[in-house]
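S.K.: Got a sequence here, can you build the structure:
(chains A and B)
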Amino acid sequence: MTRLEPGSRAASRGFSDLTIRNLFIIPTIAFLIIFNVFPLLYSLWTSFTDFRASTTAPANWVGLANYRELLNDPFIWRNFTITAKYVLISVTGQVVVGFGLAMLLNRQIPFKGLITTLLLLPMMLSMAVVGLFWKLLYDPSFGIINYFLGLGKFEWLADPQVALYAVALVDIWMWSPFVMLLSLAGLSAVPKHLYEAAEIDRAGPFYTFFRITLPLVAPILMIAIIFRTMEAFKTFDHAYILSSQPTTELIAIRLYKMAFLEWQTGLSSAFAYIVLIMVVAITNIYVKYLNKAKAR
Amino acid sequence: MAEVKTRGEVVLNRVAIVAVVVALIVMLTPIYWIASTAFKPRSLATTVPPTVMFEPTLTPFAKLFTKRSQLRQPVEEDVYEAAPWWEKLIYDDGEQVVKNRKTGAITSSGYWDRYKNSLIVSIISTFLAVSMGTLTAYGFSRFKVKGEQDWLFFILSTRMLPPVVVAIPMFLMYRTVGLHDTHLGLIILYTAFNLSFAVWIMKGFVDEIPREYEEAALVDGYTRLQAFWKIVLPEALTGIAATAVFCFIIAWNEYAFALMMTSRNAQTAPPYIPSQVGSGLPDWSVIAAGAFLFLLPVAIFTFLLRNHLLRGMSFGAIRK
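M.R.: As a prediction, this is how the structure comes out:
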């Protein structure tokens, strides 16, 4: 693909290409810098202070004290452990369910288009509002889940040992369709002649799956996994609405409480920065895979 | 897709169909339950065993939009007869609409205000994000930009931040300049949020438009702006529409920023609806009615978008 050099041929009429390029790109970059980068620089400063947004007291420079406090706080580490566990459960669940559904839909199914769209519905709807209704579904006395599974008065959200799984289950329900969508794209790109060759060679279904299907879908599946890992790491909406158990206190929830309920602005800014660095690291990996997929 | 040939294959395919149907029922039950609860009278919303067959009623919707109080004594017959149909439904349920003592005007519940806020914020932020995003996407697609990959990564990375991380400094800044709990405040946040998304998706769409079209127009004496306006934009229209619907859905569903950056005036529906559950015995049929009206537009949009979902959900990286 050739690109026009800015300021080339068409430049004599109307705006030059260089002007148009700048006119089209700079406002967006400026907007994002003002409303994303600048606030982050501001909170970098507050992260070194003892500022509390609930008082009028001026902020005092405390150096690295906030970071030191956070990294030595066993409760914060518990939030990280809970989040790691949550990410592991929900992403594994989504891959198993989503990839399974994609394998099923990759056969000759009547009304496949309609069924696929219906299956995608959960991920399009508001996590907060739909998540809220899982409270009704999980209710120990009148919830339909206990009724249809015959679990009696099983406590999904009130039992601290179960609540995290219950929240993760909602995430699996909501986002398996995402993994399914990407896997379907990967599956449909597998060349048919590979299966025909495998059939001629009398390869078993397991051999075909592990030697043909999985390796060829792997790159696209990897994108789905990294993206979901990143999103699960940030989970807030339905987790905050569904459960107030300490055992389900994910990083985003702890951060929200620290900043907006306890008003520890300085400390929470430092915490936000620790989270930020982790997210940027995962994003880097994600973009690397995205570009790889694009290049194919 | 393997072609069905042998008997074993036929059986296997039938099993797959049954499994898909079961999965479909399981996946859609929660959504069906919200929709059906919205049309149940309160007494049937939380029964044991769950009520599956019932006569649908609009009572939850009548209650959703009004402020009500418990009826102390049965309502007088002539008052009941004179009441409009929706007020009768509320009387039937043993409640009465709270009215202004002097003017007799009904008191609204605050749901419609939140819904309206959601509409205002989502529509305006979508418009801004898509227009800026389309221009920027064209810029990156057609011109040489130094460090293009780095800029695109920067644009994407702003979207990957957890809302809480951005919300802490934004809250402080908004409080200083008086943007807290305003429509404009939320619109700015959602525009920033959707802008990066729009750039990435639109770049994919613009990349697909053959350059020869514009180059031919330039040779014919169009300026570059004219070529963009008359050739590229019409070609990109489907992409722009799909991107706009995506941005709308993202803004419409957004919860965390709305929770932290608004309290009343500009509060949107996502933080409002869960706040209605509170403690005690929530009226699930009314909450479901509110959720139903809130989820309906997105459900419709999902069907309109069905051919673009893959591209949208993968930031334009994967196309069919």
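S.K.: in stretch A:246-258, what's buried?
M.R.: Buried residues in stretch A:246-258, counted by 16 or more other C-beta atoms under 10 Å in any protein chain shown: A:248-258. All C-beta spots, glycine's among them, are computed from the backbone N, C-alpha and C.
S.K.: now do stretch A:151-171
M.R.: In stretch A:151-171, counting by 16+ other C-beta under 10 Å, buried: A:154-157, A:162-171.
S.K.: Point out where the stretch 101-250 of chain B drops to low pLDDT.
M.R.: For the stretch 101-250 of chain B, applying pLDDT under 70 flags no range at all.
S.K.: tell me the helices in it, going along the chain?
M.R.: B:111-142, B:148-160, B:163-177, B:183-208, B:211-219, B:224-227, B:233-235, B:237-253 (DSSP state H, counting those that start in this stretch).
S.K.: packing partners for the longest one?
M.R.: So that's helix B:111-142. helix A:17-32, helix B:148-160, helix B:183-208, helix B:237-253, helix B:269-275, helix B:284-305 (3 or more C-beta pairs under 8 Å, 6 or more residues apart in numbering or on different chains; DSSP states H and E).
S.K.: Between the helices of the stretch 101-250 of chain B, which one is closest to residue B:18.
M.R.: The minimum distance between residue B:18 and those falls on helix B:237-253, with 32.1 Å, by C-beta to C-beta.
S.K.: Tell me if I'm right that residue B:305 and residue B:245 touch.
M.R.: Yes: Residue B:305 lies in contact with residue B:245 (C-beta atoms under 8 Å); the separation is 5.4 Å.
S.K.: For the buried residues of stretch A:246-258, give me JSON lines that also has distance to chain B and pLDDT.
M.R.: Output for these, formatted as JSON lines (distance: C-beta to the nearest C-beta, whole Å; pLDDT from 0 to 100):
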{"residue": "A:248", "distance to chain B": "16", "pLDDT": "96"}
{"residue": "A:249", "distance to chain B": "13", "pLDDT": "96"}
{"residue": "A:250", "distance to chain B": "10", "pLDDT": "96"}
{"residue": "A:251", "distance to chain B": "8", "pLDDT": "96"}
{"residue": "A:252", "distance to chain B": "5", "pLDDT": "96"}
{"residue": "A:253", "distance to chain B": "9", "pLDDT": "96"}
{"residue": "A:254", "distance to chain B": "9", "pLDDT": "96"}
{"residue": "A:255", "distance to chain B": "5", "pLDDT": "96"}
{"residue": "A:256", "distance to chain B": "5", "pLDDT": "96"}
{"residue": "A:257", "distance to chain B": "10", "pLDDT": "96"}
{"residue": "A:258", "distance to chain B": "9", "pLDDT": "95"}
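S.K.: Tell me how many other residues surround the closest residue to chain A within chain B.
M.R.: Per C-beta to the nearest C-beta, residue B:223 is where chain B lies closest to chain A, at 3.1 Å. Residue B:223 is flanked by 18 other residues according to other C-beta atoms under 10 Å in any protein chain shown.
S.K.: isn't it right up against residue A:17?
M.R.: No: contact criterion C-beta under 8 Å: residue B:223 and residue A:17 do not qualify, at 10.1 Å.
S.K.: coming back round to it: can you check which of the helices of the stretch 101-250 of chain B gets nearest to residue A:188?
M.R.: helix B:183-208 (18.5 Å).
S.K.: Run the chain-centre distance for that closest one.
M.R.: 15 Å (C-alpha atoms, centre = their mean, to the nearest Å).
S.K.: What residues sit buried inside that helix?
M.R.: So for helix B:183-208, counting by 16+ other C-beta under 10 Å, buried means B:183, B:185-206.
S.K.: Backbone dihedrals for the residue of chain B closest to chain A, please?
M.R.: The phi/psi pair for residue B:223 (degrees, to the nearest 10) reads phi -80, psi 170.
S.K.: Repeat that for residue B:70.
M.R.: phi -60, psi 140.
S.K.: tell me which element residue 280 is part of?
M.R.: I'll assume chain A. Using DSSP states H and E, residue A:280 maps to helix A:265-295.
S.K.: does any bit of that helix sit next to chain B?
M.R.: Yes: judged by C-beta under 8 Å from any C-beta of the partner chain, helix A:265-295 comes into contact with chain B at A:265, A:268-269, A:272, A:275-276, A:279-280, A:282-283, A:286-287, A:290-291, A:293-294.
S.K.: how much does that helix deviate in direction from helix B:148-160?
M.R.: If you take axes from the mean of the first three to the mean of the last three C-alpha atoms, to 10 degrees, helix A:265-295 sits at 130 degrees to helix B:148-160.
S.K.: for helix A:265-295, packing partners?
M.R.: Helix A:265-295 packs on helix A:38-46, helix A:65-72, helix A:214-233, helix A:251-256, helix B:148-160, helix B:163-177, going by 3+ C-beta pairs under 8 Å, 6+ apart.
S.K.: and the second one, how far from the chain's centre?
M.R.: The one in question is helix A:65-72. That offset, for helix A:65-72, works out to 27 Å (C-alpha atoms, centre = their mean).
S.K.: which residues are in contact with that helix?
M.R.: Applying C-beta atoms under 8 Å, 6 or more residues apart in numbering or on different chains, the contact partners of helix A:65-72 are A:47-48, A:50, A:76, A:266-267, A:269-271, A:273-274.
S.K.: got it, and the first one?
M.R.: Surrounding helix A:38-46, the residues in contact under the criterion C-beta under 8 Å, 6+ apart are A:59, A:265-266, A:269, A:272-273, A:276, B:165-166, B:168-170, B:172-173.
S.K.: so for it, what's the average pLDDT?
M.R.: Computed over helix A:38-46, the mean pLDDT rounds to 93.
S.K.: Can you point out the buried residues in it?
M.R.: Buried-residue list, helix A:38-46, by 16+ other C-beta under 10 Å: A:39-40, A:42-43, A:46.
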